[in-house]
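Student: Structure of the sequence below:
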Amino acid sequence: MGTTRGSLVRSLAAGLFLLLSVCATGARLVAQTGGFPSVDEVMAQAKARAGAEHKKIMLVFSASWCGPCREYEGFLQDPQIRPIMDKSFVTARLDVGERAGDTKHSNSPGGEAKMTELAGGSGAGYPFIVLMDEQGKVIVNSFRQVAGSKRGENVGYPAIPAEIDWFMEMLKRAAPEISPAEAKTIRQWLDKHGQS
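Tutor: Residues are numbered from 1 along each chain as shown. Now for the predicted structure:
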């Protein structure tokens, strides 16, 4: 029981540190730019870092009010998952779909237009995930093919077996360096935290 409590305390402390770091970074960006970074700024930084680190780009479109977006963030930050994903991807986030009149949250400038471009139209849902090479060329996105649908269905946060299957396929296509053992860890995590 002591080990479980100690692990929980360490996880909570790590989460708090991450939250404070993100808040401080966000405050610096707002102070420097007068608002949120634009799509061009986010993509330029992601491409530069991906090129320098020889990684792919995971572009995540999300909204502050979106429950599945928070679940996906939790997945990416989990101590079991983060080292695997960080080894292969630079994660870039764009805020989209924020509510009019919300004084605390704002869309990333150009974010909705970029999501519409990459999703082939509007109505993709959140989170919308696009895996790209280091130059920003799309490899695969979170649209799972569904019979009778031209575009497919956005899996968002993969919570059911068919969605998890597609997410694992996305990783296989974009990051073949993820080992079978690492892929198994990801799959087991999603199976455990998904819906039955």
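Student: how about the strands in the chain?
Tutor: Applying DSSP state E to the chain gives strands spanning 56-62, 89-95, 128-132, 138-141, 143-144, 153-154.
Student: I'd like those as TSV, with mean neighbour count appended.
Tutor: Heads up, the C-betas are built off the backbone N, CA and C, glycines and all. Below are those laid out as TSV (neighbours: other CB atoms under 10 Å):
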stretch	mean neighbour count
strand 56-62	23
strand 89-95	22
strand 128-132	23
strand 138-141	16
strand 143-144	20
strand 153-154	18
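Student: of those, which approaches residue 186 most closely?
Tutor: Of all those, strand 89-95 sits nearest to residue 186, with 12.2 Å by CB to CB.
Student: tell me what the closest one is packed against?
Tutor: In terms of contacts (3 or more CB pairs under 8 Å, 6 or more residues apart in numbering; DSSP states H and E), strand 89-95 is packed against helix 39-53, strand 56-62, helix 111-119.
Student: Format the strands of the chain as a markdown table; extra columns: distance to residue 181 and mean pLDDT.
Tutor: Putting the strands of the chain into a markdown table (distance: least, CB to CB, whole Å; pLDDT from 0 to 100) gives the following:
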| stretch | distance to residue 181 | mean pLDDT |
| --- | --- | --- |
| strand 56-62 | 20 | 97 |
| strand 89-95 | 18 | 96 |
| strand 128-132 | 21 | 97 |
| strand 138-141 | 22 | 96 |
| strand 143-144 | 25 | 92 |
| strand 153-154 | 29 | 92 |
